[in-house]
Every structure is written in structure tokens, then in C-alpha cells.
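*Asks:* Fold the stuff below for me.
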Amino acid sequence: MAEIVRTKNYDEELYTKVEMQELILFGIYLVSKNGEICTFERLVAESFTRFPKVFAFKRFSKWPDSLKFDRPLRTLREKGLIVGGAKDYFSLTKFGEKLAIQIKERLEGERVLNQRKKASKGRSVDDRLVSYLKDSLQFKTFLKDHKNFSISEKE
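*Replies:* Model prediction:
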């Protein structure tokens, strides 16, 4: 089993603003540049080690959530940035490698381009329900004046 070598710590504030599929693409790049075959397991380990805030379970932050890789990997394949699959291994296309290098430059602070943060909606139904309630007009009204607050059955 290959041991994960942690050579570069990336700034949490910076990498959490990068799209998940870009971080996955960069993870494939890192594994490949380390001279290893990028299997699914190796990709999950590399991505979680370098970007734990993005790839951890929400409630169990010491463990990687491999389900977060499914849709982004399909999207990367559809865009022609990667080839391969979870049954064998992943590798970058020339376009994918070019984009991975740009992502590396952004993460290492050499250039800052198009950084945006996706609103985290949470994965579980519970998390989404709590977010919905916190954003509701009734809850905001309650927070302003909870002593005089009343709510109808319909609301």
C-alpha cells in the first residue's frame, strides 16, 4: 500500500473556494506527478489528505466521504478532462493537465483567478431542513422580536 506523502499544505480559506471537481482534477494530477497509478482509493486518500474540509463527512470530519467523488468524476469525464474509471484508474487528458496546472497556481498563490465559493447546502435532509428554517421569514421575524411573536397554523 502506498503511503500518502503530505508535501504541501494548502490554505483552507483558499481551497474551500475552489470547485470540488477542480480539487479532484488536481488530486489526479498530484497522484500522477508522484509517479503513482491514480486508482479511486488513492484519489480519495490524496484529496482528503490535502483538502480535508471539502472531502470529509460532515459529521465525522476525520473520515473521507467517497460519495462526494461520484458526480464530479462523471462531469470531468464528460468534459474530456479525464479518462478512466473507478474500476481501473484515472488519468488526465492534455486539457485536464493544463487545467490542473492552473488550479495548482491558484492554490499556491501564484495567480488568483475566478475564485468562488458554492453555497454549502449540506448533504443530509436534516441539514437542508435546518438551513431552510433558518432562512425562513418567520424565523427571522421571531429572532427580531420573540416576545411579541405569533405564528398562524398556516404559516
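*Asks:* Now the most centrally placed residue in the chain: closest residue in space, sequence neighbours ignored.
*Replies:* The residue at the geometric middle of the chain, judged as the C-alpha nearest the mean C-alpha position with CA atoms, centre = their mean, is M20 (3.4 Å). In space, and not counting its chain neighbours, M20 is closest to P72: 5.3 Å by CB to CB, 6 or more residues apart in numbering. Heads up, the C-betas are built off the backbone N, CA and C, glycines and all.
*Asks:* which residues of this protein fall in helices?
*Replies:* 12-15, 20-33, 40-50, 52-55, 70-78, 94-107, 125-135, 137-144 (DSSP state H).
*Asks:* Same list (those) but as TSV, adding mean pLDDT and distance to G84.
*Replies:* TSV is the format used below for the helices of the chain (pLDDT from 0 to 100; distance: least, CB to CB, whole Å):
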stretch	mean pLDDT	distance to G84
helix 12-15	84	24
helix 20-33	94	9
helix 40-50	93	9
helix 52-55	90	19
helix 70-78	93	8
helix 94-107	92	11
helix 125-135	79	32
helix 137-144	80	46
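*Asks:* just the ones you listed: most buried one?
*Replies:* Per-stretch averages of neighbours, counted by mean count of other CB atoms under 10 Å, single out helix 20-33 among these, with a mean of 22.
*Asks:* List the contacts of it.
*Replies:* 15, 37-38, 42-43, 46-47, 50-51, 54-55, 68-69, 72-73, 75-76, 81-82, 90-92, 96-97, 99-101, 103-104, 107, 118 (CB atoms under 8 Å, 6 or more residues apart in numbering).
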